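Q: output the structure for:
(one chain, ligands or ions: 1)
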Amino acid sequence: MANTFGHLFRITTWGESHGDAIGVAVDGCPPRLPLEVEEIQKELDRRRPGQSEISTQRREGDRAEILSGVFEGETLGTPILIGVWNSDARSKDYDHMRRVYRPSHADYSYDAKYGIRNWKGGGRASARETIGRVAAGAIAKKILAREFGVEIVGYVKQVWKLHADVDPSTVTQEDVESNIARCPDQDMAVQIIERIKEARKDGDSLGGVVECVARGVPVGLGEPVFDKLEADLAKAVLSMPACKGFEVGSGFGGTTQTGSQHNDPFYSEGGGIQGGISNGEDIIIRAAFKPTATIMQLRGRGRHDPCVLPRAVPIVESMMALVLADHALRQRGQRGSV
Ligand SMILES: C=C(O[C@@H]1CC(C(=O)O)=C[C@@H](OP(=O)(O)O)[C@H]1O)C(=O)O
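A: Presented below is the predicted three-dimensional model:
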């Protein structure tokens, strides 16, 4: 179970960054869901390396192959296996890392845990592991949109000290995809792109925040005690590589207000979640990412993102979709309808 996430809609990701292939097994997808490989590809293309001048230059096509669970364009209800081949792993870049632990990477902790590690590249700790999450997330998004009327939009809210002004209740995916920073505040996007280019030139890296909104969430998703909706969202978000912080609704900002300022006429702290259960309002989450660990100032080789934020957007959306799809199916299982 160590690589598995979810209950009814359950995913297991597999593969290493410099292994032969990488992907996901999805179990529990309802049968007769129309599914074409292009729908998965569209999301993988938003995540893939080499997509812009501010992303890693590793050249992977990341072409999705559906190996099971789909027949004549419809899901069978059986496990869906999706994989991509790794074709541009330049393992020579890692020769000098065979016996060296890179600071701020998982090299030491993996070695300490397993007594062995694939020192060619980041292995399971690499951002390439998120291919499986995004492929499964594409299916989860489709279930949510078709069967539950839920729409999920993520975007870059902050890079370094540059903060974007975005209205979560109206932002669209077209706004987000209109620039390579995936920041719908167009003026801020220009500044962010310049700042990331500068960091790359200096051999340095930057962190930031992805914000993600789910609109049209049905009432009643989430379990009252341990599987509270915000608890599962927190786990989903903090399990992403390089992610160091999670907020929901007013988040840490709410701590400086009084109760009378903070309580909304209907909902409160969770922004769409009360007692761990959705109340039908929009749910807004934020994921904080640290500056990329590999920086050229530390003589790191390999091809790296000077800032992971733009490529993290589809990953955060996918993690939110996995949690909501799982809970929607659980609610339907218990109540018969949602
Ligand atoms: C290739 C991807 O990102 C990679 C994530 C990554 C890491 O250590 O996390 C290291 C780099 O790979 P490599 O060491 O092979 O050059 C990045 O390019 C991807 O996300 O698909």
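
Q: tally of neighbours for the residue nearest to Tyr155 when sequence neighbours are not counted?
A: Excluding the flanking residues, the one nearest Tyr155 by C-beta to C-beta, 6 or more residues apart in numbering is Val176, at 4.6 Å. Just so you know, the C-beta spots here come from the backbone N, C-alpha and C atoms, and that holds for glycine as well. If you count neighbours by other C-beta atoms under 10 Å, Val176 ends up with 23.

Q: who's in contact with Val176?
A: Counting by C-beta atoms under 8 Å, 6 or more residues apart in numbering, Val176 touches Val153, Gly154, Tyr155, Arg182, Cys183, Pro184, Val313.

Q: these in strands, which ones?
A: Members of the contacts of Val176 lying in strands (criterion: DSSP state E): Val153, Gly154, Tyr155.

Q: which residues does the last one bridge with?
A: In this structure, Tyr155 has beta-bridge partners Glu211, where bridges are defined by DSSP bridges.

Q: surely it touches Val171?
A: Yes - between Tyr155 and Val171 there is a contact at 6.2 Å, judged by C-beta atoms under 8 Å.

Q: give the residues shared as contacts by those two.
A: Common neighbours of Tyr155 and Val171 (C-beta under 8 Å, 6+ apart) are Pro184.

Q: can you pull out the helices in the stretch 51-200 of the chain?
A: In the stretch 51-200 of the chain, the helices defined using DSSP state H, counting those that start in this stretch lie at 107-114, 130-143, 173-176, 186-201.

Q: tell me which of those helices sits most buried.
A: Among the helices of the stretch 51-200 of the chain, helix 130-143 has the highest mean neighbour count (mean count of other C-beta atoms under 10 Å), at a mean of 27.

Q: residues from this structure in reach of the ligand?
A: Contacts of the chain with the ligand, taken as C-beta under 6 Å from any ligand atom, map to 17, 49, 56, 58, 60, 89, 121-122, 126-128, 302-304.

Q: in PyMOL, select just the buried ones from those residues.
A: Listed next is the PyMOL selection for buried residues among these, using 16 or more other C-beta atoms under 10 Å:
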select buried, resi 17+49+56+58+60+89+121+122+126+127+128+302+304
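
Q: for Val210, state which of the residues of the chain next to the ligand is nearest.
A: Each of these was checked against Val210 using C-beta to C-beta; the closest is Ala127, at 13.6 Å.

Q: now do the phi/psi pair for Thr13.
A: phi -90, psi 150 (degrees, to the nearest 10).

Q: can you pull the contacts of the nearest residue to it once chain neighbours are set aside?
A: Leaving out its chain neighbours, the residue that sits closest to Thr13 by C-beta to C-beta, 6+ apart is Gly132, at 3.3 Å. Contact analysis of Gly132 by C-beta under 8 Å, 6+ apart lists Ile11, Thr12, Thr13, Trp14, Gly15, Ile22, Gly23, Val24, Ile82.

Q: in the stretch 51-200 of the chain, which residue sits nearest the ligand?
A: Minimum separation of the stretch 51-200 of the chain from the ligand (C-beta to the nearest ligand atom) falls at Gly122, amounting to 3.0 Å.

Q: hmm, His105 and that residue touching each other?
A: Yes - counting by C-beta under 8 Å, His105 is a contact partner of Gly122 at 6.9 Å.

Q: relative to Gly271, how far out is the residue of the stretch 51-200 of the chain closest to the ligand?
A: In this view, Gly122 and Gly271 are 34 Å apart by C-beta to C-beta, to the nearest Å.

Q: check contacts around the residue in the stretch 201-338 of the chain positioned nearest to the ligand.
A: Residue nearest to the ligand within the stretch 201-338 of the chain (C-beta to the nearest ligand atom): Gly302, separated by 3.4 Å. Listed by C-beta under 8 Å, 6+ apart, the contact set of Gly302 reads Arg58, Arg90, Asp93, Tyr94, Gly121, Thr294.

Q: thank you, goodbye.
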